[in-house]
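Next input, structure requested:
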Amino acid sequence: MSTLLGKTMGALRSTPVRVGFLVLVVVLAVYAVVSQWDDIVSAVAGMNPLLLLGSLVAGVAYVLLTMLAWRVLLADMGTTLPLSAAYRVFFVSQLGKYMPGGVWNILAAAELGADHDIPRRRSVSVMAVTVIVSIVTGAALAVATMPFAADRLRDSYGWVTWTLPVFIVMLLPPVLNRLLTLVFRLTGRPPLEHPVSWSGIGACTVWTLIAWAVAGLQVWLLAIGIGMTGSPATLALCIGGYAMAWTVGFLIVFVPAGAGVREGVLGLVLAGSLTTGGVVAVVLLSRVVLTVADLAMGGVGILAARQRRSRKQVQPE
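Here you go, the predicted structure:
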């Protein structure tokens, strides 16, 4: 198993594979926007532009907050990156979400992190733990906001309530560190130099909860523009609904970035508060807003990385 993993990682480190991977994920992400363009235009036509702009700002803030959650956990596990370097590694690697499989962004983060002297096993562990934190907090928010959902939705997604304790136990540092040690032992890798601490998990959790709140705000602003009543209850519904939709979409690993799955779950959450057409418009717009945010941040990260390499090449020996 370790030999196969080594060969796979060696192939991923080659320049043609890294460039080809980057081109492919950007094309797939752009296609996700272009393929839905007509439906998006018709939905936006009657919307207050300020609400759409506010949703885009919230979308950008959301992805920035996810980076801060990852960075604080990376520091806890032994590597403190400057914000500029963290930005480049995180957002360029996150373009891998648009590849089917659910692991490409983790592998990309490992390769990009290696350029900053981050051990690959540490990069993989940090990204994996960050995802677990997102799943746990997302499921917790879904449970907390179920009272605001329609009865049929509460019946359909009651499984979130009884699966949540399993993920919470996995997130406890004594359990989590043992799980990571077991994984590295099975793959023939040395253990982590710095185990996850309670303070690291706590800080990552706080940043992630703030990120979920901002992501829900992004959906809420779009829904208000389409016709949803603006109230604390509908805001709570959008926050918990988006968190649950992301969690389910992530767990369905064979579709890129949960495409289709996330929209379906979010649509069920919003169904009692909007017309059918309104639901379709909101879930499509939300996908596009966050895709644009990912592409913009990733694009800036690529340009920054190229400028950094150019400066290193022209520096005298």
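
C-alpha from now on. contacts and neighbour counts both.
Noted.

Give me the pLDDT for residue 103.
At residue 103 the predicted local distance difference test score is 66.

actually residue 70, sorry about that
Reading off the confidence values, residue 70 has pLDDT 92.

now swap in residue 220 and tell me
The predicted local confidence for residue 220 is 94.

ok, it - how many residues close by?
For residue 220, the tally of surrounding residues (other CA atoms under 10 Å) stands at 28.

give me the element it is part of.
Residue 220 belongs to helix 198-226 when elements are defined using DSSP states H and E.

so after that helix, what's the next helix or strand?
helix 232-251.

What is the subsequent helix or strand relative to that next one?
Secondary structure here is assigned by DSSP H and E; on that basis, the next helix or strand after helix 232-251 toward the C-terminus is helix 261-270.

what's the angle from that next one to helix 232-251?
Compare the direction of helix 261-270 with that of helix 232-251 by axes from the mean of the first three to the mean of the last three CA atoms, to 10 degrees and you get 150 degrees.

hmm, which helix or strand of the chain has the shakiest average pLDDT?
Every helix and strand in the chain was compared by mean pLDDT, DSSP states H and E; the lowest is helix 2-12, with a mean of 48.

before we move on, the earlier item: the helix holding residue 220 packs against which elements?
Helices and strands touching helix 198-226, as assessed by 3 or more CA pairs under 8 Å, 6 or more residues apart in numbering; DSSP states H and E, comprise helix 49-76, helix 120-145, helix 232-251, helix 276-314.

Flag every buried residue along the first one.
For helix 49-76, the neighbour count (16 or more other CA atoms under 10 Å) marks 51-52, 55-74, 76 as buried.

What average pLDDT does stretch 194-208 get?
Averaging pLDDT along stretch 194-208 yields 90.

May I see the buried residues of it?
Neighbour-count burial for stretch 194-208 [16+ other CA under 10 Å]: 195-197, 200-201, 203-205, 207-208.

Just give me how far it sits from the chain centre.
The offset between the C-alpha centroid of stretch 194-208 and the centroid of the whole chain comes to 17 Å, using CA atoms, centre = their mean, to the nearest Å.

No further queries at this time; thank you.
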